[in-house]
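**Student:** Predicted model and sequence follow; I will ask about them next.
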Amino acid sequence: MLACIPTASLFGVDADPVTIEVQVHSGLPCTTVVGGPDATCREAKERVRAAFASCGFEWPNKRVTINLSPAWQKKRGSAIDLAMAVGILLASEQLPAGSISGYAFLGELGLDGAVRPVVGVVPLAEAAGGDPLVVPAAQVVDAGLASSRVVGVGHLGDLVRALKGEAPWPLAHSPKPGHRRAPRPDLADVRGQAVARAALEVAAAGGHHLLLTGPPGGGKTMLAERLPGLLPPLTQAEALEVTKIHSAAGVLPVGAGLLDEPPYEAPHTTASAIALIGGGSSQLRPGAISLAHRGVLFLDELGEQRPVVLECLRQPLEEGVIRIHRAIGSATLPARFLLVAAMNPCPCGEGGGRRCRCQPGERLRYARRLSAPLLDRFDLRLHVPRAEPGQLLGEAAGEATAVVAARVAVARRRSIARGTSINALVPGSRLDELAPLDRAARRLLAGLLARGGLSARGLHRVRRVALTLADLAGADPPLTEEHVGTALGLRAELATLQAAS
Ligand SMILES: [Zn+2]
């Protein structure tokens, strides 16, 4: 008898539907798995065989052929275990024919028959379909984000009894949806740093990448951590997209529900290229830049990052995706993030002042580690000095995150009303139409261009930031000298930043 069981297989952040075909026929007892299984899929039959022994099911004493269809596609991971077990039970008539019509199955089997959670349950559930879809009990909430009817099982024995109608469906142990997340840090905690706070607001409102330089202890990390709180909450579609990526990376906490806040990723300087960019030898897992999709990526000590990592950032910064090509296959992973980078002004961190221990040559070499094209991606570049003791102790708390986020939301609505998502992405060809300049602003920029103080690309970036400043001020174009002047002030050259230390 032939059994066909729907399930799915994960690759990158997407999953593909897979049908497990099982045929039990006469011949020497032997089990073969065909149809592009990877090592983990090939081992599935051993896990299923052991689970059968634990549950008291019989392994057919015949020839068993298991085909993972479509055969041309590579299948990866252990999520097909449960479907394979059900297929063998059906093909060997230990389950009545017709008992599983409409069902799809996802789950890894333990040798004792336990149904274990799988990596990527959200995209897998979306691909597997099924009415109902049977998933590991612990993942009912997560699978439910992508599938309308989900039932959870904890053990293969329970599943078979329920399918035969001998026992009710086990009540899925479903953790409470939307588990409590740690509260985000608030901008009110940042004392002083008026310019940096303003730059954060502009970055959030216009989606402008931000480079912060300055000595250690200036609060660069503290500022970056508060940026996601200023971004508008994710829409339902965006939240599902982000949740799928985190699920595929295996970092979605069980029962987390939908991730509806912009994510914040701060990979350590020593993180491997795979951890940052994505990849891996058996599964193509998304890296930190994809986990930061629709949120904030914070790279500390940009000057210490390896050149290969900095080079890999160019594609996502330009296209919002990262394309990964490996022997196991190629994938395009989403990676549209707001980049905040921090950099010490020199290797010792003091940046030329009295306490600096670096030679002038060393400082120059350090600055040159960032290529001009990468540096050019930062619309906002500013120096964050160490806060004065008086500011840290005396000054009143700054504006709270909620107050600034409300202004950001208003500014974003203005850019959406113009038909553009964020100002940082306004094409250069539309700047004359969307961000016209008044006469004084034009004169200011023309002077800079004539003196070689601004490149053509830099000019576009300054106009985009000026447009965001106008949006935040509630002013309609044309952009004034004040908008343009402020935008220029928020885009210091690296040499100036070093000198400021
Ligand atoms: Zn130094």
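**Tutor:** Received it, and whenever you're ready, just let me know what you need. Residues are numbered from 1 along each chain as shown.

**Student:** Can you give the contact residues for the helix or strand hosting Leu445?
**Tutor:** Leu445 is part of helix 439-450 when elements are defined by DSSP states H and E. With contact meaning CB atoms under 8 Å, 6 or more residues apart in numbering, helix 439-450 is reached by 437, 454, 459, 462, 466, 478-481, 483-485, 488. Heads up, the C-betas are built off the backbone N, CA and C, glycines and all.

**Student:** Run the angle between the helix or strand following that helix and helix 439-450 for me.
**Tutor:** Downstream of helix 439-450, the next assigned helix or strand under DSSP H and E is helix 456-473. Computed by axes from the mean of the first three to the mean of the last three CA atoms, to 10 degrees, the angle separating helix 456-473 from helix 439-450 equals 150 degrees.

**Student:** counting contacts, what elements does helix 456-473 pack onto?
**Tutor:** helix 194-206, helix 372-376, helix 401-417, helix 431-434, helix 439-450, helix 481-489 (3 or more CB pairs under 8 Å, 6 or more residues apart in numbering; DSSP states H and E).

**Student:** Any idea how far the fifth one is from the middle of the chain?
**Tutor:** This points to helix 439-450. Its chain's C-alpha centre and that of helix 439-450 lie 40 Å apart, by CA atoms, centre = their mean, to the nearest Å.

**Student:** now the angle from that helix to helix 481-489?
**Tutor:** Going by the same axes, to 10 degrees, helix 439-450 makes 30 degrees with helix 481-489.

**Student:** So which bits of helix 439-450 are buried?
**Tutor:** For helix 439-450, a neighbour-count test (16 or more other CB atoms under 10 Å) marks 441, 444-445, 448 as buried.

**Student:** Give the rounded mean pLDDT of whatever helix or strand Ala125 lives in.
**Tutor:** Element membership of Ala125, judged by DSSP H and E, is helix 121-128. The pLDDT scores in helix 121-128 average 96.

**Student:** Could you do stretch 72-84 as well?
**Tutor:** Average pLDDT, stretch 72-84: 93.

**Student:** Any idea how far apart the tips of it sit?
**Tutor:** End-to-end distance of stretch 72-84: 18 Å, with CA to CA, to the nearest Å as the criterion.

**Student:** circling back: out of the buried residues of helix 439-450, flag the one nearest to the ion.
**Tutor:** The nearest member of those to the ion, counting by CB to the ion, is Leu448 at 30.1 Å.

**Student:** Quick check: the gap between that closest one and Val462.
**Tutor:** Distance of Leu448 to Val462, given as CB to CB, to the nearest Å: 9 Å.

**Student:** okay, and the common contacts of the two?
**Tutor:** 454, 488.

**Student:** Enumerate every residue touching Ala273.
**Tutor:** Shown in contact with Ala273 (CB under 8 Å, 6+ apart): 279, 306, 308-309, 312.

**Student:** Now with 7 Å, please.
**Tutor:** By CB atoms under 7 Å, 6 or more residues apart in numbering, the residues touching Ala273 are 308-309, 312.

**Student:** I would like a ChimeraX command selecting only the buried ones among those, please.
**Tutor:** Selection of buried members from the contacts of Ala273 for ChimeraX, criterion 16+ other CB under 10 Å:
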select :309,312
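
**Student:** moving C-terminal of the helix or strand that Phe52 is a member of, what's the next helix or strand?
**Tutor:** Using DSSP H and E, the element containing Phe52 is helix 39-55. For helix 39-55, the succeeding helix or strand toward the C-terminus, using DSSP H and E, is strand 63-69.

**Student:** Surely Ala79 is within a helix?
**Tutor:** No - per DSSP: H, G, I helix; E, B strand; the rest coil, Ala79 lies outside any helix segment and is coil.

**Student:** Tell me, how many residues neighbour the residue in the stretch 101-250 of the chain positioned nearest to the ion?
**Tutor:** Residue of the stretch 101-250 of the chain nearest the ion, by CB to the ion: Pro215 (9.1 Å). The tally of other residues near Pro215 (other CB atoms under 10 Å) stands at 21.

**Student:** Let me see the contact set for it.
**Tutor:** So, once contact is read as CB under 7 Å, 6+ apart, Pro215 ends up touching 344-345, 349-351, 386, 501.

**Student:** what does Ala249 give?
**Tutor:** 285-286, 291 are the contacts of Ala249 under CB under 7 Å, 6+ apart.

**Student:** Strands of the stretch 101-250 of the chain, residue ranges please.
**Tutor:** For the stretch 101-250 of the chain, the strands defined by DSSP state E, counting those that start in this stretch occupy 104-105, 108-109, 115-116, 133-136, 150-153, 210-213.

**Student:** want to try CSV for those strands, with mean pLDDT and mean neighbour count as columns?
**Tutor:** What follows is those, written out as CSV (pLDDT from 0 to 100; neighbours: other CB atoms under 10 Å):
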stretch, mean pLDDT, mean neighbour count
strand 104-105, 96, 28
strand 108-109, 96, 24
strand 115-116, 96, 22
strand 133-136, 95, 28
strand 150-153, 92, 23
strand 210-213, 93, 27
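
**Student:** Which of the helices and strands packed on helix 456-473 has the highest mean neighbour count?
**Tutor:** Highest mean neighbour count among those (mean count of other CB atoms under 10 Å): helix 194-206, with a mean of 23.

**Student:** Thanks a lot, see you next time.
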